[in-house]
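1. Need coordinates for the below:
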Amino acid sequence: MGDLDAYRKLLAEVDTWFRSVQSRHGAHMKCGSGCSDCCHGAFDIGPHDVALVRAAFQELPSEIRAAVRETALAQVEKLGLKPPYEMDGMLEAEIDGLTEKLGPVPCPLLDPEGHCRIYNDRPSTCRFMGLPLIDAEEGIVHGEWCERNFDGVNPLQLPGIPFGYRSWEDDVEAAPVKSTPRYTFIACAILSDPVQRA
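-> Predicted structure coming up:
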């Protein structure tokens, strides 16, 4: 089993949790095909997701890869980042400053209709979007959620929302991965792909 296969199994756990919340509280949720609100703006992804994005990007048709790469390049130039695009060691305030500088631009991997071109291999952050993140043992990790969801309802008080996030993170850390840069933005992951540079 390859490195990404092990990570994909861990991502499947997130998907199962998300679907369970939807089946229980779907009346209060708007998440679904065609909504791409959470796919705008830059956010950092870790090494497993960098490797996942790169592998999925390489599977796209060449003309789509070229268009995605052009969009990614425009975003990275606006950010003012230079190869190798690594964010290790950057303070959270610095990363926040970069995301604010870029603004709510669409992810380079969105198609014109707002669908993700690598949906099955999208990063973990994308899979957690829309719901508050509550660890089953430690409590609130990220107490925000999509403003379209849970109108008039506080999901922090709903049953079935908590996820074993910290233990899941530990499992991710233990999963093998060969990727550099270790932490970066999706656009940077695409542009720093060694296959693209070759």
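2. switch to C-alpha atoms for all contacts and neighbour counts from now on
-> Fine.
3. neighbours of residue 191, just the number please.
-> Here the count is done by other Cα atoms under 10 Å, and residue 191 has 22 residues near it.
4. thought it was touching residue 70?
-> No - shown here, residue 191 and residue 70 do not form a contact pair, counting by Cα atoms under 8 Å, at 9.4 Å.
5. can you pull the buried residues of the longest helix along the chain?
-> Taking DSSP state H as the criterion, the chain has its longest helix at helix 3-25. In terms of neighbour count (16 or more other Cα atoms under 10 Å), helix 3-25 has its buried residues at 4, 7-8, 10-11, 14, 17-18, 21-22, 25.
6. And stretch 118-136, by the same measure?
-> Residues 118, 121-124, 127-135 are the ones in stretch 118-136 that count as buried (16+ other Cα under 10 Å).
7. Also stretch 89-102?
-> Judged by neighbour count (16+ other Cα under 10 Å), stretch 89-102 contains these buried residues: 95, 98-99, 102.
8. now stretch 99-112
-> Across stretch 99-112, burial judged by 16+ other Cα under 10 Å covers 99, 102, 106-110.
9. Mind listing residues that contact it?
-> For stretch 99-112, contacts defined as Cα atoms under 8 Å, 6 or more residues apart in numbering pick out 39-43, 68-69, 71-72, 75, 78-79, 116-118, 186-187.
10. Filter those residues down to the buried ones and hand me the ChimeraX line.
-> Here is the ChimeraX command that selects only those of the contacts of stretch 99-112 that count as buried (16+ other Cα under 10 Å):
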select :39,41,42,43,68,69,71,72,75,79,116,117,118,186,187
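11. and the contacts of stretch 99-112, which of them are in helices?
-> Here DSSP H is the test, and the contacts of stretch 99-112 give 68-69, 71-72, 75, 78-79, 186-187 as lying in helices.
12. Widest-spaced pair of these?
-> Spatially, the most separated pair among the ones in helices among the contacts of stretch 99-112 is 68 and 79, at 16.6 Å (Cα to Cα).
13. backbone phi and psi for the residue of the chain most remote from its centre, please?
-> Computed with Cα atoms, centre = their mean, the maximum C-alpha offset from the centroid of the chain is found at residue 152, amounting to 26.8 Å. Per-residue torsions, residue 152: phi 80, psi 0 (degrees, to the nearest 10).
14. on that earlier part again, gap between the longest helix of the chain and the chain center?
-> Distance of helix 3-25 from its chain centroid, counting by Cα atoms, centre = their mean, to the nearest Å, is 13 Å.
15. continuing past that helix, what's the next helix or strand?
-> Note on helix 3-25: by DSSP states H and E, the next helix or strand toward the C-terminus is strand 44-45.
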